[in-house]
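**Student:** From the sequence below, what's the structure:
(3 chains)
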Amino acid sequence: MPTDADQLLAVTLDGLSGLIAALIRRGYRVAGPTVRDGIIGYDEIASLEDLPRGWSDEQRGGHYRLVRRDDEALFGYAVGPHSWKRYLHPPLLQLWRARRNGDATALESDPRPRERFAFIGVRSCELHAIAIQDEVFLRGRHADPHYRARRDGAVLIAVNCAVAGGTCFCASMKTGPRATAGFDIALTELITDEGHLFLAASGTDIGRELLAQTPHRNATPEQAATAEKIVDRTAQRMGRQMRSDDLHDLLLRNLDHPRWSEVADRCLSCGNCTMVCPTCFCTAVEDSSDLTGAEVSRSRRWDSCFSVDFSYLHGGSVRQSVRSRYRQWMTHKLATWHDQFGSSGCVGCGRCITWCPVGIDITEEVRAIRESGHS
Amino acid sequence: MADDPMLPRVARVRRRRRDGPQVWTLETEPEGGSLAAFAAGQFNMLTAFGVGEVPISVSGDPAEPGRLLHTIRAVGPVSTALTRLEAGAALGIRGPFGAGWPMSEAAGRDVVIVAGGLGLAPLRPALYRLLAERPRYGRIVLLYGTRGPEEILFRREIESWRRRLDIDIEVTVDHATAAWHGHVGVVTTLLARAGFDPHQALALVCGPEIMMRFAAAALGEAGVADEAIWLAVERNMKCGIGHCGHCQLGPVLVCRDGPVFRYDRLRTLLPVKEM
Amino acid sequence: MEDLTQIILGHPFFAGLDPEYGRIVCGCARNVRFEAGDYLFRAHAPANELYLLRHGRVALEVTAPERGTLTFQTLGAGEIVGLSWLIPPYRFSYDARALELVRAIAMDAACLRAKCEADHDLGYEMMKRFTPVLLRRLQATRLQILDVYGPHG
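**Tutor:** Model (predicted):
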């Protein structure tokens, strides 16, 4: 349920601090952005002190660096290499284990995580990414109970983007920078002469309830207008653009375009793009057993369509060449995702561009095919 | 957790039967009752505990869900481990998954089944169903090709079907010694001689992908429309439920949207290299 | 003679042939039958005849010392046997053995070649019927070579 502007609330730093404390008190495992290992990543946070106060990120193809801001903004960066899938769709998960007892074999799985999650600092592109993974794991004929257990009851506190990253193109994908749906609370960070404030809108009952218990004032029309302006400015400053309305047919018409070979000459097939992508969902399974064979288990781990084994079919892999694997990744993301799940698989977050070790730029690859391909 | 589609049930091997070089049919019995009824052409995910899991089509009779059959060729570590399970041994099973053969579309029409090698196994449930409801269909033609006479699956059953007068069966092999008195040549060569009405026939095709492409082309030449040709494709699968991403073939997820597809949906995809 | 022309025109290889051409090629034709086990021809023998099969199946065979006799193709009613009739040096490459009672029309190869040479329109008509058979056999052979049912299939 979207909240309209006249229900915007103004919350101070102390108020936000109280909100985090309230979530922890209610038993949520609160995760948010924090500086570690030279990046802004997502990790468990205990208070405002863990947030990346005064930090921003500088991003371009194959380049990411933390930089100091000249203010004390908590959310003054774009996105880092992590996305929320590390919580909702963990990189490694035990699916089940089986114990053999004499002649009997018993299987058990435990899809329930021990805590409910609350995420702070979810970007609009990430809300879309979560919705896309919801579609994959929950809306088909079979739902994934592991994903459902993590996703159900997760509180999403979004932040409208005040900074456009150097590789961002959510405006092109119509997935941001303004959070419009899928959040419990959406914040806009305002640092003005009046001080450091967050304008908060609630999107759900739990969001409303949490905000009601957080000290606040009603936002003034001027504050609301300023917040709008910040997000509008972000939309205009996107580091990248990509025309997206014709991608499905464009790419499927050009499966033999020479550009796939060109990009394959640069691509290291490392799979970084798939690891940082907030929608990439592919997994492999691995069985293991103890030495006696009395206990065996199966776990599932993130997999990447860039590995040769990904398409292995007794005797050989379907996609042997880097060319075919890059093509698989990009056409899936931008074209066949529509056929499979009813939307694009790209939210324009730019992570695949930033974290590609050789700076391959999906927007540039699309442009090259559009300019010289079969239209 | 009962509604966990990734959690296998424990099943026991009731019988194991050799059906060709490195090919075995396992009859299994899930502990605690049958799986959900399966449709002809659907598959299960079978686990060799401690080794791994592979998709295997059900090769038994849909009318006998309690007699769960899978015909497996030992090609990798998991399938090899499965074919070595003796009576009484435990395996994991979950399913059935996927979309099967379009049996409801077959009513009132001629049905041409073109099988290659192990591809007869996923088609056998369709044959059981066609023969059980024989009056509902027009002519039924089975054209089956294998590498050599040794590789012919379900030999005794084929012989017993041959004795029926209401199904035409032609078997051909790619290579044979003079001891073989049947057809020699690729399975597509049988099409020209098969007596069916191409304009109202439904064709079900299963075998190696190259063979299916040639079979679809030959059916087309014989006058069968692409919309009347169905084939079952195989891709790497880790989940069977559309969640792992491995079985993508362009716009389709083979496990979820297939493995049986109408040919016009795949016609332009199958020839694309490394799709 | 009239009956033989009708039989020839009724064979799929000559389906739709101009009756005038039918009469011409009929001059090269005779009815033949082979009992099961009889050879229609042997490898390396002169390709003196082309056979239009009307009934029964024929195996094309090759014999290797260590592997015995291998059948690489069987042909039946409606098909033709003896493709070497048109291509120099006009020698058969394989054995052709009747697997059961075979009835066929044997066309004298020298006679047919002479008529095609004398009337190129007839020759072209023959080529249009002959080359698709060659192409289909070539494609079938490629499929066999690919060994699609092997461990990779």
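
**Student:** from here on, contacts and neighbour counts on C-alpha atoms
**Tutor:** OK.

**Student:** neighbours around residue 128, how many?
**Tutor:** Here I'm looking at chain A. Residue neighbour count, defined by other CA atoms under 10 Å in any protein chain shown, stands at 24 for residue A:128.

**Student:** other chain: chain C
**Tutor:** The criterion is other CA under 10 Å. On that basis, residue C:128 has 11 neighbouring residues.

**Student:** pLDDT (mean, whole number) over the helix or strand where it lies?
**Tutor:** Element membership of residue C:128 [criterion: DSSP states H and E] is helix C:120-146. Mean per-residue pLDDT for helix C:120-146: 93.

**Student:** go on, stretch A:151-161?
**Tutor:** Looking at stretch A:151-161 alone, the average pLDDT works out to 97.

**Student:** Check the separation of the first and last residues in it.
**Tutor:** For stretch A:151-161, the separation between the terminal residues is 23 Å (CA to CA, to the nearest Å).

**Student:** which parts of chain B sit against chain A?
**Tutor:** Taking CA under 8 Å from any CA of the partner chain as the measure of proximity, chain B contacts chain A at B:1, B:3-10, B:49-52, B:75-76, B:90, B:235-236, B:238, B:241-247, B:250-253, B:272, B:274-275.

**Student:** Also within reach of chain C: list those from the residues you listed.
**Tutor:** For chain C, the contacts drawn from the residues of chain B next to chain A by CA under 8 Å from any CA are residue B:75.

**Student:** Just to be sure, which of the residues of chain B next to chain A are found in strands?
**Tutor:** When DSSP state E is applied, these are split such that B:9, B:10, B:52, B:90, B:252, B:253 fall in strands.

**Student:** With neighbour count as extra columns, can I get those residues in JSON lines?
**Tutor:** As requested, those are arranged in JSON lines below (neighbours: other CA atoms under 10 Å in any protein chain shown):
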{"residue": "B:9", "neighbour count": "24"}
{"residue": "B:10", "neighbour count": "23"}
{"residue": "B:52", "neighbour count": "22"}
{"residue": "B:90", "neighbour count": "26"}
{"residue": "B:252", "neighbour count": "21"}
{"residue": "B:253", "neighbour count": "25"}
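
**Student:** Buried ones among the residues of chain B next to chain A?
**Tutor:** Of the members of the residues of chain B next to chain A, the ones counted as buried by neighbours, 16 or more other CA atoms under 10 Å in any protein chain shown, are B:4-10, B:49-52, B:75, B:90, B:235-236, B:238, B:241-247, B:250-253, B:274-275.

**Student:** where does the helix holding residue C:128 sit relative to the chain's centre, distance-wise?
**Tutor:** Here the centre of mass of C-alpha atoms in helix C:120-146, compared against the chain's by CA atoms, centre = their mean, to the nearest Å, lies 11 Å away.

**Student:** Stretch A:189-200 too?
**Tutor:** Taking CA atoms, centre = their mean, one finds the center of stretch A:189-200 at 26 Å from the center of the full chain.

**Student:** what do you get for stretch C:19-39?
**Tutor:** What separates the centre of stretch C:19-39 from the centre of its chain is 11 Å, taken as CA atoms, centre = their mean.

**Student:** Name the residue closest to the centre of chain C, please.
**Tutor:** Ranked by distance to the mean C-alpha position of chain C (CA atoms, centre = their mean), the top residue is residue C:81 at 1.9 Å.

**Student:** Please name the residues that touch the residue lying closest to that one once chain neighbours are set aside.
**Tutor:** In space, not counting the residues next to it along the chain, residue C:81 is nearest to residue C:51; the distance is 5.1 Å by CA to CA, 6 or more residues apart in numbering or on different chains. Applying CA atoms under 8 Å, 6 or more residues apart in numbering or on different chains, one finds that residue C:51 lies in contact with C:80, C:81, C:82, C:104, C:105, C:106, C:107.

**Student:** want to throw these into JSON lines with pLDDT?
**Tutor:** Formatted as JSON lines, the contacts of residue C:51 follow (pLDDT from 0 to 100):
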{"residue": "C:80", "pLDDT": "97"}
{"residue": "C:81", "pLDDT": "97"}
{"residue": "C:82", "pLDDT": "95"}
{"residue": "C:104", "pLDDT": "97"}
{"residue": "C:105", "pLDDT": "97"}
{"residue": "C:106", "pLDDT": "97"}
{"residue": "C:107", "pLDDT": "97"}
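
**Student:** Of these, just say which sits nearest to chain B.
**Tutor:** For chain B, the closest of the contacts of residue C:51 turns out to be residue C:80, at 13.3 Å, with distances computed as CA to the nearest CA.

**Student:** ok, now how distant is the closest residue to residue B:259 other than its chain neighbours from residue A:230?
**Tutor:** If the residues on either side of it in the chain are set aside, residue B:259 comes closest to residue B:232, at 5.0 Å by CA to CA, 6+ apart. To residue A:230, residue B:232 is 54 Å away according to CA to CA.

**Student:** Walking through chain C, point out its strands one by one.
**Tutor:** C:29-34, C:39-41, C:49-55, C:58-64, C:68-75, C:80-81, C:95-98, C:102-108.

**Student:** quick one, which of these is nearest to residue A:354?
**Tutor:** strand C:68-75 (58.5 Å; CA to CA).

**Student:** Show the average pLDDT along that closest one.
**Tutor:** The predicted model gives strand C:68-75 an average pLDDT of 92.

**Student:** What strands line up against it, and which way round?
**Tutor:** strand B:176-177 (antiparallel), strand C:58-64 (antiparallel) (DSSP bridges).

**Student:** Report the secondary structure state of the closest residue to residue B:194 other than its chain neighbours.
**Tutor:** By the measure of CA to CA, 6+ apart, the closest residue to residue B:194 outside its immediate chain neighbours is residue B:141, 7.3 Å from it. With DSSP: H, G, I helix; E, B strand; the rest coil as the basis, residue B:141 sits in strand.

**Student:** What separation is there between residue B:141 and residue B:225?
**Tutor:** From residue B:141 to residue B:225 the distance is 17 Å (CA to CA).

**Student:** Tell me where the stretch 1-150 of chain B has strands.
**Tutor:** Per DSSP state E, counting those that start in this stretch, the stretch 1-150 of chain B carries strands over the ranges B:9-20, B:23-30, B:43-48, B:52-57, B:68-73, B:90-97, B:110-116, B:140-146.

**Student:** which other helices and strands contact the fourth one?
**Tutor:** The elements that strand B:52-57 packs onto, with contact taken as 3 or more CA pairs under 8 Å, 6 or more residues apart in numbering or on different chains; DSSP states H and E, are strand B:43-48, strand B:68-73, helix B:77-83.

**Student:** So which of the ones you listed is nearest residue A:345?
**Tutor:** Evaluated over the helices and strands packed on strand B:52-57, closeness to residue A:345 peaks at strand B:43-48, with 27.4 Å, by CA to CA.
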